[in-house]
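Trainee: sequence and computational prediction follow.
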Amino acid sequence: MDTSPATPHRLDPAGGCPHADNARLLARGAVAPVVMPGGIEGMAVLGHEALKEFLGHPEVAKDARHFTALREGRIPEGWPLMTFATVRGMTTADGDDHRRLRSLVSRAFTARRVAQLRPRIVELTDELLDGLARAAAEEGGSADLRRHFALPLPMSVISELLGVEPEFRDRLHHLSSQVVATDITPAQAVAANRELVSVLAAIAAAKAASPGDDLTSALIAAREEDGDRLSQEELIGTLVLMIIAGHETTLNLITNAVRALCGHPDQLDLVRAGEADWDDVVEETLRWDAPVSYFPFRYPVRDLVVGGTLVPRGTPVLAGYSAAGRDPSVHGPDAGRFDVTRPRRPDAVRPLSLGHGAHYCLGAPLARTEAVIALERLFARFPGLRLAVPEDELVRHSSFVGNSVRTLPVRLK
C-alpha cells in the first residue's frame, strides 16, 4: 500500500485535452490525489482495473452525506461541482433509494424500447444531415458539425422521450453546459442551476396539467399514484440528470468519433472495407477518447485501499474514464493508438466510459444506437468529409468533466 504523500495534481478548471496529464499520472499509479476548483482536495481513480473495482465496491457510496468536506460546511456556495454532489436522483442515491429511482426510468431505456426508437433516430439523422448540407452551402463550404448535427440529434431524442418541446431545447443545452463547466464563477454556477431547475419545474407543471405519452408524464403519474415513490425534488433532479446525461455524453461521443476518423483515415477505410463495423468505431471511441473525462463523485464509507493507494473515508473521488481507456497495463503498449479492429481481439476489454456496476449508465444502449446510426449515415452521405481546421486548432471544452471540443468545423466534400 502506498502511504507516502504524493504531490496532488491540480485539475485545470479550463479543461483541455486530458491525455498527456493522464499518461503522466498513470505512470505514477492507478490512483492520484487531485485538487479541484476552490482548492477542494479529492482523488481520481485512473487505472482500468482499479476503477472497475472502485465502481463496483460495496463500501463506496454516491450519497453526498458521505462527503466529509460538504458535511462539515467547507464547500462554498456556487462551487462549480456542487450539482454533481447534491442533485437528487439516481446518480446520488444508494441502495433501495437508487433501485427505486432507477426502476422508474428504466423502462424508457430497455433494448426493446431503444429498438422501437430506431426509425425515429434514422429520420432525425437524415433531417439533420440535410441541415448540415444547407449550412455548409451557406457558410462557404464548411459547417460546424457539432452545432448542426452532433448536438441536435441526442438533444432531440432525449427531449422527445421526456416530452420537452423544441422551444426549450437550446436553453436547456446552454444551462446543461454551464452545469458541467468547471471554470465558471460561483455566481454563474448558482444562476445556471436555479434557472435549470426553474425551466424543468415549469415543464413538469405543464405535464401535470396536460399529461402526454412521455417519460415526464409517467414520472409524475408514478408520484401521484404513490407519493412515497418520487418526491418533487427527486422528480426535478431526475429530469436534470436525464437532460444532461441524455445528450451531453452522446454529443461528445459522436464528435470525438468524427474527429478520430478524420484524423485516422486508414481506420475509416477498414470500416468501408468491412474489416470493422460502426459498432467497433463506437467502442473504440469510448475507449480511446471517452466522452466524459473525470466524473464526480463517489465516497468511500470507510478507509479503502484502491490500486495500492489509501483513499480515506469521505473523500470525493472522480472516476477517471479517459485515463482508464488508455491504461497500457490493460489495453497494451499501443493503448494510445486508435484502432477500430481492437474490439475484435479475443482479449479485448470493454471500456468503462459509460460506467460499471449498479450505476452503469441506463442510457448506454440508446447512446450507442444513436452514435452508430449517426456515424454510418454521416459518412455514407458525405464520404469525403474532413476537418476544416487542423486538430490542434480545435478549442476544447471548458471542463475537466466533459471531454470534447466546442466546435467541429468540417468540409463535406
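Mentor: Perfect, thanks for sending it.

Trainee: show me what counts as buried in whichever helix in the chain runs longest.
Mentor: Taking DSSP state H as the assignment, the helix of the chain that covers the most residues is helix 232-263. Counting neighbours by 16 or more other Cβ atoms under 10 Å, one finds that the buried residues in helix 232-263 are 234-262. (Each C-beta comes from the backbone N, C-alpha and C, glycine too.)

Trainee: show me what the mean pLDDT comes to for it.
Mentor: The average of the pLDDT scores along helix 232-263 is 94.

Trainee: which parts of the stretch 251-400 of the chain are strands?
Mentor: Secondary structure of the stretch 251-400 of the chain (DSSP state E, counting those that start in this stretch): strands at 294-300, 304-306, 309-311, 317-320, 386-387.

Trainee: let me know which of those strands is the nearest to residue 135.
Mentor: strand 386-387 (15.8 Å; Cβ to Cβ).

Trainee: given that closest one, what are its sheet partners and their directions?
Mentor: Next to strand 386-387 in the sheet, as set by DSSP bridges, lie strand 409-411 (antiparallel).

Trainee: nearest residue to the residue minimising distance to the centre of the chain other than its sequence neighbours?
Mentor: In the chain, the residue lying closest to the centroid (Cα atoms, centre = their mean) is residue 249, at 3.4 Å. What sits nearest to residue 249 in space, not counting adjacent residues and going by Cβ to Cβ, 6 or more residues apart in numbering, is residue 291, at 4.8 Å.

Trainee: need the contact list for that neighbour.
Mentor: When contacts are counted by Cβ atoms under 8 Å, 6 or more residues apart in numbering, residue 291 is found next to 248, 249, 250, 251, 252, 253, 256, 353, 402, 403, 404.

Trainee: farthest-separated two in those?
Mentor: 251 and 353 (14.2 Å).

Trainee: from residue 317, how far off is residue 374?
Mentor: 32 Å (Cβ to Cβ, to the nearest Å).

Trainee: show me which of those two is the more surrounded one.
Mentor: More crowded of residue 374 and residue 317, by other Cβ atoms under 10 Å: residue 374, with 27 against 24.

Trainee: show me what contacts the more buried one?
Mentor: By Cβ under 8 Å, 6+ apart, residue 374 lies in contact with 125, 149, 150, 153, 254.

Trainee: helix, strand or coil: sort out the first one for me.
Mentor: Spelled out, it's residue 125. What DSSP: H, G, I helix; E, B strand; the rest coil gives for residue 125 is helix.

Trainee: wait, it touches residue 379, no?
Mentor: No - the pair residue 125 / residue 379 is not scored as a contact, 11.9 Å apart, by Cβ atoms under 8 Å.

Trainee: from residue 90, how far off is residue 319?
Mentor: 15 Å.

Trainee: tell me which residues in the lowest-mean-pLDDT helix or strand in the chain are buried?
Mentor: The helix or strand of the chain with the poorest confidence is helix 215-225; it has a mean of 82 (mean pLDDT, DSSP states H and E). By neighbour count on 16+ other Cβ under 10 Å, the buried set for helix 215-225 is 215, 216, 217, 218, 219, 220, 222, 223.

Trainee: identify the residue spatially nearest to residue 395, adjacent ones excluded.
Mentor: residue 406 is the one closest to residue 395 (Cβ to Cβ, 6+ apart), at 4.8 Å.

Trainee: check what pLDDT that neighbour gets.
Mentor: Per the predicted model, pLDDT is 95 at residue 406.

Trainee: now do the contacts for it.
Mentor: 146, 394, 395, 396, 397, 398.

Trainee: and the fifth one, how far from residue 241?
Mentor: Looking back up the chat, that one is residue 397. Taken as Cβ to Cβ, the span from residue 397 to residue 241 is 19 Å.

Trainee: what does the first one give?
Mentor: In this structure, residue 146 and residue 241 are 22 Å apart, going by Cβ to Cβ.

Trainee: ditto for the fourth one
Mentor: In this structure, residue 396 lies at 24 Å from residue 241, with Cβ to Cβ as the measure.

Trainee: got it, and the third one?
Mentor: Using Cβ to Cβ, one gets 27 Å for the distance from residue 395 to residue 241.

Trainee: so where is the protein shaky, pLDDT-wise?
Mentor: 1-5, 224-228, 345-348 (pLDDT under 70).
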